[in-house]
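Novice: predicted model and sequence follow; I will ask about them next.
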Amino acid sequence: MPADSSSPFRFASASLAGLQPSATLHINERVQALRAAGRDVLHLGFGESRFPVPDAVVAALREHAAERSYLPVLGLPELRAAIACVLRAALRAASCCRAGGDRARQQGAADGAGTGHRRHDAAANAAWVSYAPQAQLARRSVVAVPMDPAAGYALDPERLQHALQKAAANWQRPDMLLLNTPGNPLGSAQSAEALQACANLRGATA
């Protein structure tokens, strides 16, 4: 198997060439090594809380510690029904609740990965570091949608439209918009108006 000089990994699949380690995990390992060497390091790589776990959460974990069975793949039916009530009843059959966004994102990227042609995602920039590698694993590529720091990184339909037009000029037609709100790593939340304005570009409902 030929080695890829741009990646520390060795893969049999050429589509995975250049895949890099997670930036956040790399930072975490570096921080742990520095701390083990006696250095005082302020860890900004993870979004982990450094505060104690709330007593109510600890009590709930203790109460349910004996419940060790796998949960339904799509999430607890009661939780999905509650989400549908908040949003709209039509979502009940289509909603999926996952603990952790990375796995849900990876499953979404895998949709259509085996169609035999390259597909593309659009992602707000800044975006979580997992988006691009997950797209690569699914033989997709990412088109960045620039966000304006002066506007609090708010989702701008004009910027989205410009990014889509620029991508189309390069024979790229993203069929999925990657956006989480409140956003990671920025922590900013998108307004309902901004979400709907961007959805209007494709005749969708946010």
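Specialist: It's in. Numbering: from 1, shown residues only.
Novice: switch to C-alpha atoms for all contacts and neighbour counts from now on
Specialist: OK.
Novice: how is the protein carved up into domains?
Specialist: The chain is divided into the following domains under automatic domain parsing: 1-49, 114-206.
Novice: least reliable of the ones you listed going by mean pLDDT?
Specialist: Here the lowest mean pLDDT among the domains of the chain goes to domain 1-49, at a mean of 75.
Novice: before we move on, the earlier item: deepest of the domains of the chain, which one?
Specialist: Neighbour counts (mean count of other C-alpha atoms under 10 Å) averaged over each of the domains of the chain peak at domain 114-206, with a mean of 16.
Novice: looks like Leu74 contacts Arg98 (just checking).
Specialist: Yes. Counting by C-alpha atoms under 8 Å, Arg98 is a contact partner of Leu74 at 7.1 Å.
Novice: now the domains of the chain as CSV including distance to Gln107?
Specialist: Written out in CSV, the entries for the domains of the chain read as follows (distance: least, C-alpha to C-alpha, whole Å):
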stretch, distance to Gln107
domain 1-49, 17
domain 114-206, 9
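Novice: so which of those domains comes closest to Glu78?
Specialist: domain 114-206 (23.0 Å; C-alpha to C-alpha).
Novice: so how far is the closest one off the chain centroid?
Specialist: If you compare the mean C-alpha spot of domain 114-206 with that of the full chain, they lie 11 Å apart, counting by C-alpha atoms, centre = their mean, to the nearest Å.
Novice: before we move on, what about stretch 64-84?
Specialist: On the basis of C-alpha atoms, centre = their mean, the separation between the geometric centre of stretch 64-84 and that of its chain is 22 Å.
Novice: all numbers from here: first residue = 49
Specialist: Done: numbering now begins at 49, and the last item shifts to stretch 112-132.
Novice: element containing the residue lying farthest from the centre of the chain, please.
Specialist: Taking C-alpha atoms, centre = their mean as the measure, the residue most remote from the mean C-alpha position of the chain is Gly86, 34.0 Å away. In this structure, Gly86 sits in neither a helix nor a strand according to DSSP states H and E.
Novice: identify the residues contacting it.
Specialist: Under the criterion of C-alpha atoms under 8 Å, 6 or more residues apart in numbering, Gly86 has no neighbours.
Novice: quick one, strands of the protein?
Specialist: The residue ranges that make up the strands of the chain, judged by DSSP state E, are 167-173, 188-194, 224-226.
Novice: looking at those strands, spot the one closest to Ala130.
Specialist: Nearest to Ala130 among those is strand 224-226 (24.2 Å), distances taken as C-alpha to C-alpha.
Novice: by contact count, what packs against the closest one?
Specialist: In terms of contacts (3 or more C-alpha pairs under 8 Å, 6 or more residues apart in numbering; DSSP states H and E), strand 224-226 is packed against strand 167-173.
Novice: what lies in contact with the strand it packs on?
Specialist: With C-alpha under 8 Å, 6+ apart as the contact definition, strand 167-173 has outside contacts at 160-161, 179, 183, 187-195, 203, 212, 220-227.
Novice: that older thread, which of the domains of the chain sits closest to Leu127?
Specialist: Proximity to Leu127 (C-alpha to C-alpha) singles out domain 162-254 among these, at 19.3 Å.
Novice: can you give me the helices in this protein?
Specialist: Ranges of helices within the chain are 71-84, 103-111, 125-134, 149-158, 179-185, 205-217, 240-247, based on DSSP state H.
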